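Novice: have a look; sequence and predicted model below, questions after that.
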Amino acid sequence: MGVRSLADGHLRWTVLTTKPADPANPTEDELNAGIYMSQNVLASDFLWGFAESDRVQEKPLSETSNAQAIGASNPQGRATIFRYFDPETGNGDPVDDLPFQTHKVKGTTLWGYARETAKLSSEPWEEGDEIYLGAEYVTDEPAPPSSRTGFIKYTVPFELQYTYTHITVAPSGSSA
């Protein structure tokens, strides 16, 4: 019998700045070379999934009640990204602030992949891992939070363009 897993600490979100050879079948090497975002993103408002699909009225003439068909999917995304600063200069750290630096310019096209399984977020990608959602997306303007409390962070809305649901990590050296 399978086991359930608590969600805390299990979502691995990786962002690629270069389009994978086959975005619907990213390889282990491509994903592990990407930017590991999970330690830089606020869990409470991370959004990487879908809102309800559009509904299409498909009522036959003979029906007295409405009948709807499921239409187009509505992908949505957003991340509040923590900033990391160089202790000497006080400016963005060239390594640790990379997740924010990658998302700070409106209109940037990126590719993101998320795994949420019994594996911890910190475990690297492996061939066969489940990806619940992969997507090409475009960043919107980063916005500061309404309250200037806690750590410095910015919320970046995303427009997901092409989505790949419930796919698996391809073996290294293969582009399906």
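Specialist: Okay, I see it.
Novice: what's the pLDDT at the residue of the chain positioned farthest from its centre?
Specialist: Note on the chain: the largest C-alpha distance from the chain mean falls to S62, namely 44.1 Å (CA atoms, centre = their mean). Looking at S62, its pLDDT stands at 89.
Novice: could you pull up the mean pLDDT of the longest strand along the chain?
Specialist: When the chain is scanned for its longest strand (criterion: DSSP state E), the result is strand 153-168. Averaging pLDDT along strand 153-168 gives 97.
Novice: and that strand, how far from the chain's centre?
Specialist: 4 Å (CA atoms, centre = their mean, to the nearest Å).
Novice: packing partners for that strand?
Specialist: Helices and strands touching strand 153-168, by 3 or more CB pairs under 8 Å, 6 or more residues apart in numbering; DSSP states H and E, are strand 74-82, strand 130-139. (Glycine included, C-beta is placed from N, CA and C.)
Novice: would a markdown table of these with distance to K104 be doable?
Specialist: Putting these into a markdown table (distance: least, CB to CB, whole Å) gives the following:
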| stretch | distance to K104 |
| --- | --- |
| strand 74-82 | 9 |
| strand 130-139 | 8 |
